[in-house]
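Colleague: my questions concern the predicted model and sequence given below.
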Amino acid sequence: MVHSSASLPPLDTLETFARAARLGSFSAAAEESGITHGAVSRQVSRLERWMGVRLFERAARGVNLTAEGTRFFARAEEALALLGNSGERWSPKRGKAVVRLSVTPSVASLWLFPRLQRLEGHDIHLELFLEHRLADLGEGTDLAIRCGKGPWAGVRGQHLWRERVFPIASPTLAKRLAGRTKAEALLELPILHDSNIEGWRRWLAPEGIDYIPRGQDRRFEDYNIVVDACCQGLGIALARPPLASAALEAGRVVAVSDRTIDYHVAFHLIRSDDALRAPAAEFARRFLREAGHDEAAIAAFTAPGRKG
């Protein structure tokens, strides 16, 4: 999350600006920061817009501070020194490359966390940003996982898995159905869904039902909460394998109909069209192998992009 105010510059831009000023090069600052040249340029431009002055003169072989940039650099160094001496700074384990992944909470808790140690191995530390908003891959985020139809302009995406969805309930709630699997029987119980109800509409439509959420139904922002609520017997949900697979395998929920449909949107692993850093490319390879992709698809996704 970026913290800024009318009286403070965008704080996430200060370290990038100071590094570029010290090194006299956006490219060198990008390499030292572990982000792309384009990301450095965008952060500096954002700081310049906030200040209303140019901080750098762009030259053929690097950048030079303007008079205003020189004055601001001195103050930025003082501010960063104070923050660096706060004694509360967190840093990952030494010897590990940091990979920054923006991911929705549901994928993080239901799929990623059980596999995290294997995916990180001994050489990668994954820094997670749990969020729903559109990921800004130009501001230091290497990869993102988002749900949608795709493709998206300006990014490279890889469809992660096919979701064949079907209704599930806790074993106790399933007993109340007494083997009835028709839509009308299921609708006697509360329906659980996340912010997108299109999946339920599509599953119920073949039986002539135009589903509109009712007072007894429950909506949750994240699918992981939908699964938890279903396990607790609060209603019927749609299983979205592989996200719901652990709950099914543990018997916390059971299928209450064998009719399945293809889910209308899918999760994708997304990267910028800019060149992907080596640790991020390696993590993407491990991630896609874990998700069941072949080497050709993995090579296409991790192939070098354009220079920043």
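Modeller: Okay, I see it.
Colleague: switch to C-alpha atoms for all contacts and neighbour counts from now on
Modeller: Noted.
Colleague: lowest-confidence helix or strand of this protein?
Modeller: Of the helices and strands making up the chain, the lowest-confidence element is helix 67-84, at a mean of 78, by mean pLDDT, DSSP states H and E.
Colleague: gap between it and the chain center?
Modeller: Between the mean C-alpha point of helix 67-84 and the mean C-alpha point of its chain there is a distance of 32 Å (Cα atoms, centre = their mean, to the nearest Å).
Colleague: can you give me the strands in the chain?
Modeller: Taking DSSP state E as the criterion, the chain contains strands spanning 56-59, 62-65, 97-103, 124-130, 143-148, 155-159, 164-169, 192-193, 218-219, 237-239, 254-255, 261-262, 266-272.
Colleague: right, and those - which one's nearest Ala278?
Modeller: Nearest to Ala278 among the strands of the chain is strand 97-103; the distance by Cα to Cα comes to 9.4 Å.
Colleague: hmm, back to that, which strands and helices sit next to the least confident helix or strand of the chain?
Modeller: Taking 3 or more Cα pairs under 8 Å, 6 or more residues apart in numbering; DSSP states H and E as the contact definition, the neighbouring helices and strands of helix 67-84 are helix 11-23.
Colleague: for the helix it packs on, which positions count as buried?
Modeller: Using 16 or more other Cα atoms under 10 Å as the burial criterion, the residues of helix 11-23 that qualify are 13-21.
Colleague: kindly report the same for stretch 119-130.
Modeller: 119-120, 124-126, 128-129.
Colleague: contacting residues for the spatially closest residue to Cys147 that is not a sequence neighbour?
Modeller: Nearest non-adjacent residue to Cys147, counting by Cα to Cα, 6 or more residues apart in numbering: Phe267, 4.2 Å away. Applying Cα atoms under 8 Å, 6 or more residues apart in numbering, we find Phe267 in contact with 145-148, 159-161.
Colleague: could you chop the chain up by domain?
Modeller: As recorded under automatic domain parsing, the domains making up the chain are 11-84, 97-161+266-302, 164-262.
Colleague: so for Gly233, what's the pLDDT?
Modeller: Predicted confidence (pLDDT) for Gly233: 96.
Colleague: any idea of the angle the least confident helix or strand of the chain forms with helix 11-23?
Modeller: Using axes from the mean of the first three to the mean of the last three Cα atoms, to 10 degrees, the direction of helix 67-84 lies 110 degrees away from that of helix 11-23.
Colleague: quick check: buried residues in helix 67-84?
Modeller: 69, 72-73, 76-77.
Colleague: next one: stretch 182-189
Modeller: Residues 183, 186, 189 are the ones in stretch 182-189 that count as buried (16+ other Cα under 10 Å).
Colleague: filter these down to the ones in helices?
Modeller: Counting by DSSP state H, the members of the buried residues of stretch 182-189 that fall within helices are 183, 186.
Colleague: for Leu186, see how far away the residue nearest in space to the middle of the chain is.
Modeller: By Cα atoms, centre = their mean, the chain has its centre lying nearest to Val103, at 2.0 Å. When distances are taken as Cα to Cα, to the nearest Å, Val103 and Leu186 turn out to be 32 Å apart.
Colleague: can you check Pro10 too?
Modeller: Noted for Pro10: a distance of 51 Å to Leu186, by Cα to Cα.
Colleague: can you check Arg49 too?
Modeller: As defined by Cα to Cα, Arg49 lies at a distance of 56 Å from Leu186.
Colleague: same deal with Phe26?
Modeller: Counting by Cα to Cα, the gap from Phe26 to Leu186 is 59 Å.
Colleague: with Ala237 instead?
Modeller: Ala237 sits 10 Å away from Leu186, going by Cα to Cα.
Colleague: so who does the nearest residue to Asp123 once chain neighbours are set aside touch?
Modeller: By the measure of Cα to Cα, 6+ apart, the closest residue to Asp123 outside its immediate chain neighbours is Lys96, 4.7 Å from it. Under the criterion of Cα under 8 Å, 6+ apart, the neighbours of Lys96 are 122-125.
Colleague: repeat for Glu77
Modeller: In this structure, Glu77 makes contact with Ala18, judged by Cα under 8 Å, 6+ apart.
Colleague: separation between it and Ala20?
Modeller: If you go by Cα to Cα, the gap between Glu77 and Ala20 works out to 12 Å.
Colleague: what of Ala280?
Modeller: Going from Ala280 to Ala20 by Cα to Cα gives 23 Å.
Colleague: now do the helices in the stretch 201-308 of the chain.
Modeller: The residue ranges that make up the helices of the stretch 201-308 of the chain, judged by DSSP state H, counting those that start in this stretch, are 223-231, 245-249, 278-290, 295-302.
Colleague: from the ones you listed, which stretch is densest packed?
Modeller: helix 223-231 (a mean of 23; mean count of other Cα atoms under 10 Å).
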